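Chemist: generate coordinates for the sequence data below:
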Amino acid sequence: MIDEYNFGEIVVDGIKYDYDVMIFDKKVERWKRRESHYVFVDEIEKAISLNPEIIVIGNGYSGVMKIDKKVKEEIEKRKIKLILQTTRIAVKTFNDLLKEKKKVVGLFHLTC
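Modeler: Numbers count the residues shown, from 1 in each chain. Take a look at the predicted model:
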């Protein structure tokens, strides 16, 4: 599904995106956030509402983006596994999970 990732851009099924994305059920949406380097609970509500087995968060090229502790708590409360990795690694993890037929949502920060 994810063909390529480079700083500031991601290619999904041949289409290039230059903004943060949420990927689920073969769909790609803009992942809107208030702050570039921080994730709040309301910014992952849609991902949680999809009731995935796993949420993969790519926290940027160098891993600069941080997530609020309430994000982790909310995901754990729903019995969803959270994988937080640099985006370079997270795209591979996401693709591997799709190959394993897991119900997964990917949230990818493309810079930092």
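
Chemist: run a quick neighbour tally on residue 74.
Modeler: Residue crowding around residue 74 was assessed by other C-beta atoms under 10 Å; the count is 17. Any C-beta I mention is one placed from the backbone N, CA and C, and that applies to glycine too.

Chemist: how about it, nearest residue that isn't a chain neighbour?
Modeler: If the residues on either side of it in the chain are set aside, residue 74 comes closest to residue 41, at 5.3 Å by C-beta to C-beta, 6 or more residues apart in numbering.

Chemist: my read: the one you found touches residue 71, true?
Modeler: Yes - taking contact to mean C-beta atoms under 8 Å, the distance of 5.5 Å between residue 41 and residue 71 places them in contact.

Chemist: quick one, what contacts the residue nearest to residue 74?
Modeler: With contacts defined as C-beta atoms under 8 Å, 6 or more residues apart in numbering, residue 41 is in contact with 68, 70-71, 74.
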